[in-house]
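Undergrad: A structural model of the following input is requested.
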Amino acid sequence: MKNYLAVYLGNEATRKASGWDDLSEEKRKQREQEGMQAWGKWVATHQAAIVDTGAPLGKTLRASRGGIESIRNHMTAYTIVRTESHDAAAKMFEGHPHFTIFPGDSIEIMECLPIPGQ
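TA: Here you go, the predicted model:
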């Protein structure tokens, strides 16, 4: 069994195309509730494989040789799962509420590799 990091992505173009911001406050709240219920159902379905349910991600600061700067990226949340294969991990996210109900774009799933030399 291996661990896989799932990074939820979203961008302004996808959000705009979804019509999310054009919804009335009431309609948006309703969709949010539907989305959270669907996400809870997804978590319950895959509970045995979830290592860390993760969390939404906030503003980003980048640290580099040049110092610290505020940047924007497309990452909106993360989850860590444990499965037998990369394909099995990816299949867990098919039809996920992140992009079927919420205005998210996609979810990228990558293997968490061992640290070299350990």
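
Undergrad: Residue ranges in the protein under the pLDDT threshold?
TA: Regions of the chain meeting the criterion pLDDT under 70 are absent.

Undergrad: Go through it and flag its longest helix.
TA: Using DSSP state H, we find that the single longest helix of the chain is helix 25-45.

Undergrad: I'd like the next helix or strand past it.
TA: The first helix or strand that comes after helix 25-45 along the chain, using DSSP states H and E, is strand 50-56.

Undergrad: ok, the residue nearest to Met92 when sequence neighbours are not counted - how many residues close by?
TA: The shortest distance from Met92 to any residue other than its chain neighbours is 5.3 Å, reached at His46 (Cβ to Cβ, 6 or more residues apart in numbering). Where you see a C-beta, it was placed from the backbone N, CA and C, and this is true even at glycine. Using other Cβ atoms under 10 Å, His46 is surrounded by 16 other residues.

Undergrad: Give me the phi and psi angles of His46.
TA: For His46, the backbone dihedrals (degrees, to the nearest 10) come out as phi -110, psi 20.

Undergrad: from what I can see it touches Val81, true?
TA: Yes - with contact defined as Cβ atoms under 8 Å, His46 counts as touching Val81 (6.9 Å).

Undergrad: Give me the common contacts of these two.
TA: Counting by Cβ atoms under 8 Å, 6 or more residues apart in numbering, the shared contacts of His46 and Val81 are Met92.

Undergrad: Which residues does the longest helix of the chain contact?
TA: Taking Cβ under 8 Å, 6+ apart as the rule, helix 25-45 contacts Trp20, Leu23, Ile50, Thr53, His96, Pro97, His98, Thr100, Ile101, Phe102.
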